Every structure is written in structure tokens, then in C-alpha cells.
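Participant: give me a 3D structure for the following:
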Amino acid sequence: MLSIGKNEYPSKRTVNLVIHEKTMGSPSRAIPLFLLFIVFLALFVKFGVLNQLERMLAAQSSLKQVQVDLEGYIAYNRDYEEVQEKYSLYFEDYLTEDEAVLQDRLEILKILENSVLNRGKLSKIEIRGNICRADLTRVSLGTVADIMEDLNASPLVKLVTVSTAETEDKDESPEPGHMMTAYITITLKGGQEQ
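Facilitator: Got it, this is the predicted structure:
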């Protein structure tokens with residue numbers, strides 16, 4: 001006979017949902033990201049590393065050239081002390097630049113003694129730098145002209161200027177031999193200009 005039992009129904013115990021998930025590991029996303037990473041890496045290496053390395057190498061090369069030049073200058077000047085010692089025998093290197101261009105004061109006084117003192121009364125002498133001022137009293141105009149001529153003939157003198165003033169002596173008449181006061185300014189050549 002036929003036995004009637006329970007009906008059996010198909011049963012499924014798991015669900016199989018087929019979904020295609022796109023992850024970062026998928027080639028369609030990984031390849032563009034990898035290429036972008038390579039481009040950024042190449043730019044970094046080019047500008048951050050290689051350019052800096054080139055600059056460093058150029059600076060090192062320049063430094064080596066400067067060191068070679070410096071060694072050449074040192075070798076060239078190796079006998080400087082000896083040359084300076086010989087040079088100082090002939091030149092007055094103990095003077096400053098300002099002192100070196102000044103005329104010797106004794107020479108200036110010799111010029112005044114030879115050209116001025118024997119012709120009038122010297123009331124004042126002032127020497128500053130290469131300018132000498134001398135005040136003469138009781139000299140005639142002709143004597144002043146002779147003094148200027150003598151001073152201009154000196155190789156140490158660059159320029160002579162004279163200003164005159166009349167004396168207050170009422171006794172004397174204003175003649176060519178009339179006595180007056182002369183203010184002489186002598187500009188001397190620099191010590192290097194002779």
C-alpha cells in the first residue's frame with residue numbers, strides 16, 4: 001500500500017548571492033593609482049634629489065677651483081715678507097696715506113727762509129696739511145712780487161696767492177715803495193707729486 005507520509009520540500013540552508021565587488025585590489029583601480037604614484041615619485045626624484053645633487057656637485061667644483069686659485073696666490077705671495085723688507089729700505093712705508101702726501105716741514109721752512117725772511121718781517125706762519133700761510137708786515141708791493149716769483153720757482157710749490165692790506169702808518173706817503181702787510185698762501189704739491 002501506499003503509504004502517505006509527510007511531504008518533503010526542498011530546503012536550502014545557505015544563500016548564494018552573487019555580487020561582483022570592486023575592491024582597491026582590482027586592476028582597474030590599482031593600475032591608474034600606481035601610475036600616478038610613479039609620476040609623483042619621478043617628480044620628487046627629479047626636483048627633490050637630482051637637482052639638489054647637481055647643485056651640490058657644481059658647488060663642490062666651484063670650491064675646488066677657488067681652492068686651486070687660493071693655493072696659487074699663496075704660492076705667488078710666499079716671498080712677500082722678503083720683498084716688503086727690501087721695499088721698506090727705499091720707501092717710507094711707516095707713514096699713513098695722509099702723512100705720505102704731506103711735504104717735509106723742514107723743506108717748507110727752508111723755502112720760507114730763502115724767499116721770505118730776508119725780505120720782510122714775518123709775523124705769523126701757519127702750516128696745515130700742504131697749505132702754508134705766512135703774514136708779512138712792512139713790505140713793499142715790489143718785494144711781494146719778488147717773493148711770489150721766488151716761491152713759484154720752487155719745485156715744491158703748486159700755487160701762491162697773496163692778499164695785501166695797507167698799514168695804518170700816517171707818516172708814509174702812498175708811493176710805489178709804500179709799506180704794507182701781505183698775507184701769502186702757499187699751496188704745496190703733495191709728497192708724491194714731485
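Participant: alpha carbons only for contacts and neighbour counts from here, please
Facilitator: Fine.
Participant: and stretch 140-149, what's buried?
Facilitator: Buried residues in stretch 140-149, counted by 16 or more other C-alpha atoms under 10 Å: 140, 141, 144, 147, 148.
Participant: give me the subset of the residues you listed that lies in helices.
Facilitator: Within the buried residues of stretch 140-149, residues falling in helices by DSSP state H are 141, 144, 147, 148.
Participant: what ranges does this protein have for its strands?
Facilitator: For the chain, the strands defined by DSSP state E occupy 121-128, 131-140, 157-166, 179-188.
Participant: what's the last one in contact with?
Facilitator: Which is strand 179-188. Here strand 179-188 makes contact (C-alpha atoms under 8 Å, 6 or more residues apart in numbering) with 103, 130-141, 144, 156-167.
Participant: separate out the buried members of these.
Facilitator: Buried members of those, scored by 16+ other C-alpha under 10 Å, are 103, 130-141, 144, 156-158, 160, 162, 164.
Participant: next, give phi and psi for residue 14.
Facilitator: Reported as degrees, to the nearest 10, the phi and psi values for residue 14 are phi -130, psi 160.
Participant: contact partners for it?
Facilitator: Counting by C-alpha under 8 Å, 6+ apart, residue 14 has no contacts.
Participant: for residue 110, same thing?
Facilitator: Residues in contact with residue 110 (C-alpha under 8 Å, 6+ apart): none are found.
Participant: separation between it and residue 133?
Facilitator: Here residue 110 is placed at a distance of 14 Å from residue 133 (C-alpha to C-alpha, to the nearest Å).
Participant: re earlier: out of the buried residues of stretch 140-149, which comes closest to residue 42?
Facilitator: Residue 42 lies nearest to residue 148 out of these, by C-alpha to C-alpha, at 88.0 Å.
Participant: so which of the strands of the chain gets nearest residue 30?
Facilitator: strand 121-128 (91.7 Å).
Participant: show me the helices in this protein, by range?
Facilitator: Along the chain, counting by DSSP H, helices occupy 27-43, 51-76, 80-90, 97-100, 105-112, 141-153.
Participant: now do the second one, average pLDDT.
Facilitator: What that stands for is helix 51-76. Confidence for helix 51-76, expressed as mean pLDDT, is 94.
Participant: good, wrapping up.
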